[in-house]
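A.B. asks: got a predicted structure here, sequence first:
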Amino acid sequence: MTAAKKLGDIMEDERKRISALRTQLIQRLTERKIDFQIIEAKYEQLPHILALTFAGLQGQYIMLELNQKGFAVSTGSACQIGKQDPSKR
């Protein structure tokens with residue numbers, strides 16, 4: 001097996017693992033009846049990036065709580081830097 005083939009297999013396994021984690025998170029939020037919305041592109045997107053909005057919750061609060069638990073979370077995107085208005089949901 002070539003190094004490139006081996007790396008390709010590893011990358012595919014990792015994509016599947018992360019996709020499964022994404023699906024599991026969405027299922028658990030749904031099961032717990034948490035009011036959330038997924039913001040998705042109309043085309044395929046990377047499985048390790050997930051944009052969510054939560055009704056009635058401040059993004060900063062969610063970010064701080066999740067960061068303390070070891071999750072990498074942000075409350076915006078690079079194109080929204082400096083804007084403090086809540087997202088239009």
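C.D. replies: Cool, got the structure.
A.B. asks: if you count contacts, what does the helix or strand of the chain with the lowest mean pLDDT end up packed against?
C.D. replies: In the chain, no helix or strand scores lower on mean pLDDT, DSSP states H and E than strand 51-54, which sits at a mean of 90. Applying 3 or more CB pairs under 8 Å, 6 or more residues apart in numbering; DSSP states H and E, we find strand 51-54 packed against strand 36-39. In short, each C-beta sits where N, CA and C put it, glycine included.
A.B. asks: what pairs with the strand it packs on, parallel or antiparallel?
C.D. replies: With DSSP bridges as the test, strand 36-39 is paired with strand 51-54 (antiparallel).
A.B. asks: identify the residues contacting the partner strand?
C.D. replies: 29, 34-40, 62, 77, 87, 89 (CB atoms under 8 Å, 6 or more residues apart in numbering).
A.B. asks: and the next element down the chain from it?
C.D. replies: helix 59-68 (DSSP states H and E).
A.B. asks: could you list the residues in contact with that following helix?
C.D. replies: So helix 59-68 is contacted by 54, 73-76, 86 (CB under 8 Å, 6+ apart).
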